[in-house]
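>>> fold the following and give me the result.
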Amino acid sequence: MSFEITFLGASGGPIEGVTCSMLLKPSSVSYNDILSNNLPNELICIDAGSGIGLLSELIYNELHDISPLSRQLRIYNNMLSLEQCFKTKITRPFAELSNSISPYEQSQEIFKLMNNYLISHAHMDHIAGLVINSASFCQESPKNVYGSKGTIDALQRHIFNGLVWPNMAKFNMVKLSSHEYWQTFSINDTYSVTIFDLSHGKMLSNDEKTSQRAESPNYLHNSYDDNFENYHNYISSAFLVTHELSNSSVLIFGDFESDAVSRLGKNKRIWCKIAPMFLQPEKQLKGIILECSTCQIVSTNELYGHIMPTHLINELRALNDEILAILPSSSRQNVTPLAGFNVVINHVKETPNLSDPRREILHELEVLNDKYKLGIHFSIALNGASIVL
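This is a model prediction of the structure:
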């Protein structure tokens with residue numbers, strides 16, 4: 001089985017309205033099927049920086065045979081085309097919807113059936129769509145919002161608290177559900193999810209009394225002073241989403257940094273966990289979606305808990321090594337475990353110059369991919385694009 005994934009938003013900011021949000025469903029199930037047959041269990045939203053507005057625009061574009069890409073990212077003189085960005089199959093899943101209903105109404109109908117959200121962490125660029133869109137949720141069918149304890153606590157205490165935004169959990173518009181890292185849970189009869197912890201830079205805490213009084217830390221990612229005792233790692237999440245009937249999976253990362261920067265080994269644990277999946281007769285891991293926020297820069301102090309191309313390649317080399325390590329020694333010669341494997345980049349930060357940063361990031365990754373002979377199929381996500389993994 002394959003997954004069809006729509007990138008509502010794939011930007012890492014600072015442009016608003018197009019930040020990270022993905023819709024996931026089986027590629028064999030169309031949106032017409034979901035709407036006509038009332039199939040909410042087929043659909044998941046992973047992160048929710050954008051939502052109904054971008055989906056409305058995407059539906060309009062596809063129904064009118066316009067490029068599905070959001071107009072908000074037509075901001076560079078040398079922006080990559082869809083075909084240049086993806087080595088996977090590109091689809092237009094909303095082109096088959098009815099033209100007699102407004103795109104906004106159809107977007108609303110799809111989101112009414114969107115019962116399950118996975119939120120990697122509570123930064124605004126990953127939750128803004130969920131928060132704003134929650135005004136359209138209803139008590140008869142509250143949305144299930146899944147995440148780590150830290151993520152769910154932050155949503156309840158600092159977002160849905162009656163001050164920043166109405167307490168949607170109290171009004172039974174959302175159900176906030178926290179889960180332990182490295183535990184697998186079912187969200188319905190169709191999907192199970194394993195949640196992994198990631199390091200997303202350093203968190204500078206206020207002194208203890210101030211923190212207790214404000215119930216809020218002061219966040220600075222990877223901007224260190226000499227007193228390291230004041231810092232704690234900010235924890236993000238990755239989700240291994242598995243389709244129960246077929247056992248097909250996709251691994252989707254929230255924001256994270258390299259083990260070389262965090263020195264915590266959190267990514268290595270994930271590579272060890274998924275390495276055996278590459279040895280299955282029919283490879284069930286269909287792809288990995290993860291960030292590469294910026295082009296190569298000199299100082300890791302400027303990454304703020306994110307990844308650049310050399311770090312990403314080193315992480316994927318670590319995965320490659322873990323796969324080789326569990327192969328019989330007689331089978332390791334001339335083996336390229338990641339050859340042809342799909343890795344999709346998202347969360348690219350926009351730059352105020354004329355050049356599309358996606359072009360440079362993809363080029364840097366391909367150069368390193370060739371250098372280390374990994375054979376990975378790199379793609380880079382665009383707002384509004386849909387693909388099959």
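>>> C-alpha from now on. contacts and neighbour counts both.
OK.
>>> residues in contact with Val29?
Going by C-alpha atoms under 8 Å, 6 or more residues apart in numbering, Val29 touches Glu42.
>>> now for the nearest residue to Lys283 once chain neighbours are set aside, how many residues are close by?
Counting by C-alpha to C-alpha, 6 or more residues apart in numbering, Met277 is the residue found nearest to Lys283 once chain neighbours are left out, at 6.6 Å. Applying other C-alpha atoms under 10 Å, we find 16 residues neighbouring Met277.
>>> isn't Met277 right up against Gln284?
Yes. Using C-alpha atoms under 8 Å, Met277 is in contact with Gln284, at 6.6 Å.
>>> ok, back up a step: doesn't the residue nearest to Lys283 belong to a helix?
Yes. With the criterion set as DSSP: H, G, I helix; E, B strand; the rest coil, the secondary structure at Met277 is a helix.
>>> now Gly340. Its backbone dihedrals?
phi 80, psi 0 (degrees, to the nearest 10).
>>> Gly384 sits in which helix or strand?
Assigned by DSSP states H and E, Gly384 falls within no helix or strand.
>>> and what of Leu338?
Using DSSP H and E, Leu338 falls outside every helix and strand.
>>> state the distance from it to Ile376.
For Leu338, the distance to Ile376 equals 6 Å [C-alpha to C-alpha, to the nearest Å].
>>> overlap in contacts of the two?
Counting by C-alpha under 8 Å, 6+ apart, nothing touches both Leu338 and Ile376.
>>> re earlier: what sits against the residue nearest to Lys283?
Lys283, Gln284, Leu285.
>>> I'd like the distance between the closest residue to the second one other than its chain neighbours and Val241.
Residue nearest to Gln284 in three dimensions, not counting chain neighbours: Ser248, with 4.5 Å by C-alpha to C-alpha, 6+ apart. The gap separating Ser248 from Val241 is 8 Å, by C-alpha to C-alpha.
>>> please spell out which residues along the lengthiest helix in the chain are buried.
When the chain is parsed with DSSP state H, its longest helix is helix 309-325. Buried positions in helix 309-325, judged by neighbour count with 16 or more other C-alpha atoms under 10 Å: 309-320, 322-324.
>>> give me the contacts around stretch 234-252.
For stretch 234-252, using C-alpha under 8 Å, 6+ apart, the contacting residues are 1-2, 120-121, 147-148, 150, 189-203, 253-256, 284-290.
>>> which ones among these are found in strands?
Within the contacts of stretch 234-252, residues falling in strands by DSSP state E are 147-148, 191-203, 253, 285-290.
>>> those, buried ones only, as a PyMOL selection?
This is the PyMOL syntax for the buried subset of the ones in strands among the contacts of stretch 234-252, where burial follows 16+ other C-alpha under 10 Å:
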select buried, resi 147+148+191+192+193+194+195+196+197+198+199+200+201+202+203+253+285+286+287+288+289+290
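>>> can you report how many residues lie near the nearest residue to Ile195 once chain neighbours are set aside?
Using C-alpha to C-alpha, 6+ apart and skipping residues adjacent in sequence, the residue nearest Ile195 is Phe239, 4.8 Å away. Phe239: 26 surrounding residues under other C-alpha under 10 Å.
>>> would you say Phe239 is within a strand?
Yes. Using three-state DSSP, the assignment for Phe239 is a strand.
>>> that one and Glu302, how far apart?
26 Å.
>>> stretch 364-380: which residues count as buried?
Glu364, Leu365, Glu366, Leu368, Asn369, Leu374, Gly375, Ile376, His377, Phe378, Ser379, Ile380.
>>> mind saving the C-alpha coords of it as CSV?
The C-alpha coordinates for stretch 364-380 follow below in CSV (Å, rounded to 0.1, in the frame of the first residue of the first chain):
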residue,chain,number,x,y,z
GLU,A,364,23.8,20.6,-1.6
LEU,A,365,22.0,17.4,-0.6
GLU,A,366,22.5,15.9,-4.1
VAL,A,367,26.2,16.7,-4.1
LEU,A,368,26.6,15.0,-0.7
ASN,A,369,24.4,12.1,-1.8
ASP,A,370,26.7,11.5,-4.7
LYS,A,371,29.8,12.0,-2.6
TYR,A,372,28.9,9.3,-0.1
LYS,A,373,27.2,7.1,-2.8
LEU,A,374,23.9,6.8,-0.8
GLY,A,375,21.6,6.6,-3.8
ILE,A,376,18.8,8.4,-1.9
HIS,A,377,15.9,9.9,-3.9
PHE,A,378,15.6,13.4,-2.4
SER,A,379,12.5,15.5,-2.9
ILE,A,380,11.7,18.8,-1.4
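>>> quick check: Ile59 touching Ser107?
Yes. The pair Ile59 / Ser107 is scored as a contact, 7.5 Å apart, by C-alpha under 8 Å.
>>> the more surrounded of these two?
The residue with more neighbours, out of Ile59 and Ser107, is Ile59; 27 against 21, by other C-alpha under 10 Å.
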